[in-house]
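1. here is my input, please return the structure:
(one chain, ligands or ions: 1)
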Amino acid sequence: MVIKETWRLHPPAPLLVPREVISEFEINGYKIQPKTLLHVNAWAIGRDPDTWKDPEVFFPERFMDNDIDAKGQNFELLPFGSGRRICPGMYMGTTMVEFGLANMLYQFDWKLPEGMVVEDIDMEEAPGLTVGKKNELLLVLVKY
Ligand code: HEM
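-> Below is the predicted model of the structure:
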């Protein structure tokens, strides 16, 4: 749930990978012509207030009472895209994130630096095709 919530708010590829339209179609009254380059804004979908309650709030428990997953079937959560060109490394990527996080939590207790509160954590993203944190994460790790 924590990982899903992180991907909702911070999809690593916020605009997925551009698609080129093959045949004309209509959406919301707009006629989209062949050859048009389409971007799917997964970042905005993850923060859509019509879909998510309090979208700006980090609240992993929102995934407790539903079966929304990140495998491309639930269009409100698309960190790996969807359809024929969905990320083929989806399961490897998920496993790497789960193992990495589990190891960090297993080995260390994580604390904020003296005088810092949770709200001070800087979550600004550096722009790009794939995004990461703009500034480094400041935490103090305590070995168990
Ligand atoms: C958390 C980790 C990862 C995320 C969030 C991610 C995300 C994505 C996204 C959004 C796309 C575009 C899908 C679309 O447009 O529908 C993509 C494509 C792709 N990803 Fe990943 N990816 C991850 C890990 C990996 C790994 C570990 C590999 C390989 C070992 C990989 C290989 C690829 C390849 C080859 C494509 C292009 C697929 C195509 O165009 O047919 N990805 N990924």
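2. and the gap between residue 44 and the ligand?
-> 14 Å (C-beta to the nearest ligand atom, to the nearest Å). For every residue, glycine as well, the C-beta is placed using N, CA and C.
3. and that residue, helix, strand or coil?
-> At residue 44, secondary structure determined by DSSP: H, G, I helix; E, B strand; the rest coil is helix.
4. what is the burial count for it?
-> 12 (other C-beta atoms under 10 Å).
5. which residues does it contact?
-> Counting by C-beta atoms under 8 Å, 6 or more residues apart in numbering, residue 44 makes contact with nothing.
6. how much space is there between it and residue 136?
-> Using C-beta to C-beta, to the nearest Å, residue 44 is found at 26 Å from residue 136.
7. again with residue 111
-> In this structure, residue 111 and residue 136 are 16 Å apart, going by C-beta to C-beta.
8. of those two, who's got more company?
-> residue 111 (11 against 7).
9. measure residue 36 to residue 129 for me?
-> 19 Å.
10. tell me if I am right that residue 6 is in a strand.
-> No: counting by three-state DSSP, residue 6 falls outside a strand, being helix.
11. so, low pLDDT: which residues of this structure?
-> Regions of the chain meeting the criterion pLDDT under 70 are absent.
12. list the buried residues of the biggest helix by length in the chain.
-> The residue-count maximum for a helix in the chain (DSSP state H) belongs to helix 90-107. Using 16 or more other C-beta atoms under 10 Å as the test for burial, helix 90-107 gives 93-94.
13. same question, stretch 55-64
-> Buried residues in stretch 55-64, counted by 16+ other C-beta under 10 Å: 55, 59, 62-63.
14. now stretch 8-26
-> Per 16+ other C-beta under 10 Å, stretch 8-26 contains these buried residues: 8-16.
15. phi first, then psi, for residue 126.
-> phi -90, psi 130 (degrees, to the nearest 10).
16. wait, it touches residue 134, no?
-> Yes: at 4.2 Å, residue 126 and residue 134 qualify as touching, with contact defined as C-beta atoms under 8 Å.
17. tell me which of the buried residues of stretch 8-26 fall in helices.
-> Per DSSP H, helices hold the following members of those: 8-9.
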